[in-house]
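J.: Quick one, structure for this:
(one chain, ligands or ions: 1)
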Amino acid sequence: MGIKIKKLKFKLSIFAGRSISFILKIFLKSSAGALPGKVAMSIYPDILKEVDQRCNKTVLITGTNGKTTTNNLLVHIVKGKYPLILSNLRGANMPQGLVSAFINDLEDGYDWGIFEVDEGSFKRVVRDLKPDYVVITNFFRDQLDRYGEIEKAFQDIYESLDPLDTTLILNADDPLVSNFKKLGKKNIFYGVLENQFCDSNQNVVETNFCPGCNEHLDYSYFNYGQLGGYSCAHCGFENPERKYEITDIQYQGENYRFVLNADQNLKDFEFKYGGIYTAVHLLPRLWKWALIWIRLPNELRVLNISWEGWKIL
Ligand SMILES: [Zn+2]
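T.: Have a look, this model is predicted:
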């Protein structure tokens, strides 16, 4: 395709996408969703490459649970320092959702592109969008998940990460996620240490097989689902050393308090959690706080934020 025709098609795709978005907002009072991106991609299928070129640094967040919160939290933090951020904050996490975000927030360049990506779409997205960082939160099997879907998603993500020059930010407490270290990338591990809310009941886990050798995986404690302290007597597979870890979780009054040990740098956190005060609800949220110390530029680590009832003490 000639360069002129390419440019024309790109402009046409943006025009079409924005028109759809405009119509949806006027008549359906709905926010953009994935349709504008879908239309734009049908006109100019390489549009995610354009997104890639316009973002100085890119973070992709994938996994079963916690993508949207992590994405929104990260954007909230990074925005304090860098105003030009492109993100799919509304949670449309397929390729067309990322493109919709681009169409609705069109700039010539962005400091950061921060996107949550559906596990099933990861392969397609990284074909065009080359991330500097990839956060993998966890792989949970829910009722809707047909057997084999997690394995397929894992395999797709694994294979598509292999050729990339990227830093992985991995949940050390999920054996399926920590297994990504086999790729030999630069890894940053985070997790939640054993605490008073942990469960020692092995029955809560359906898939406690070692990803290294398929033998039985032993757990000394469970945090949530298959997340916890694990080791394999057969091949030695175990939690990798966490660079960022949450310790000393306490429940006082109406608040949870915990310590985030970030690279030997201790920070106290507090947050109010409304609803049922159970560890099951608490723990998945804590992981997101370990994430904020991912190796972003140093100045971003100086946190002075409050977000949805959370604060740093
Ligand atoms: Zn093993």
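
J.: ranges for the strands of this protein?
T.: Assigned by DSSP state E, the strands in the chain fall at 55-62, 85-87, 110-116, 133-136, 167-171, 186-192, 218-224, 227-231, 244-252, 255-262, 265-272, 306-307, 310-312.

J.: Other residues contacting the third one?
T.: The reference is to strand 110-116. Contacts made with strand 110-116 from outside it, assessed by Cβ atoms under 8 Å, 6 or more residues apart in numbering, are listed as 51-52, 54-62, 67-68, 70-71, 74-75, 78, 82-88, 91, 93, 98, 101, 125, 129. Every residue, glycine included, has its C-beta placed from N, CA and C.

J.: try 6 Å
T.: The list of residues contacting strand 110-116 from outside it, by Cβ atoms under 6 Å, 6 or more residues apart in numbering, reads 54-61, 67-68, 71, 74-75, 78, 82, 84-88, 93, 98.

J.: looking at the strands of the chain, which has the lowest confidence?
T.: For these, mean pLDDT drops lowest on strand 306-307, to a mean of 49.

J.: the helices in this protein, which residues?
T.: If DSSP state H is used as the criterion, the helices of the chain fall at 3-23, 35-43, 47-54, 67-79, 95-104, 122-128, 149-161, 175-178, 279-291.

J.: So for the shortest one, mean pLDDT?
T.: For helix 175-178, the mean pLDDT works out to 93.

J.: Does anything pack onto that helix? Which helices or strands?
T.: Applying 3 or more Cβ pairs under 6 Å, 6 or more residues apart in numbering; DSSP states H and E, one finds that helix 175-178 makes contact with strand 167-171.

J.: ditto for the first one
T.: Of the remaining helices and strands, those touching helix 3-23 by 3+ Cβ pairs under 6 Å, 6+ apart are helix 35-43, helix 95-104.

J.: Mind giving me the PyMOL command for buried ones among the contacts of strand 110-116?
T.: A single PyMOL command is used to select the members of these judged buried by 16 or more other Cβ atoms under 10 Å:
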select buried, resi 54+55+57+58+59+60+61+67+71+74+75+78+82+84+85+86+87+88+93+98
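
J.: State the distance from the closest residue to residue 107 other than its chain neighbours to residue 114.
T.: In this structure, residue 107 finds its nearest non-sequential neighbour in residue 84, 6.2 Å apart by Cβ to Cβ, 6 or more residues apart in numbering. Distance of residue 84 to residue 114, given as Cβ to Cβ, to the nearest Å: 11 Å.

J.: Equivalent analysis for residue 227, please.
T.: As judged by Cβ to Cβ, residue 227 and residue 114 stand 24 Å apart.

J.: repeat for residue 30
T.: Distance, residue 30 to residue 114, by Cβ to Cβ: 23 Å.

J.: Neighbour count: these two, which is higher?
T.: residue 114 (27 against 10; other Cβ atoms under 10 Å).

J.: Get me the contact residues on the stretch 151-300 of the chain for the ion.
T.: 210, 212-213, 215, 232, 234-235, 237 (Cβ under 5 Å from the ion).

J.: just the buried members of those residues?
T.: Applying a neighbour-count criterion of 16+ other Cβ under 10 Å, the buried members of those are 210, 212, 232, 237.

J.: Need the max-distance pair from these.
T.: The widest separation within those, taken as Cβ to Cβ, falls between 212 and 232 and amounts to 6.1 Å.

J.: Overlap of the contact sets of the two?
T.: Common neighbours of residue 212 and residue 232 (criterion: Cβ under 6 Å, 6+ apart): none identified.

J.: So, low pLDDT: which residues of this protein?
T.: Within the chain, the segments meeting pLDDT under 70 span 1, 31-32, 142-147, 201-207, 254, 271-313.

J.: now do 90
T.: Where the chain drops to pLDDT under 90, the residues are 1-3, 24-33, 64-83, 89-92, 137-154, 188, 190-209, 221-227, 243-313.
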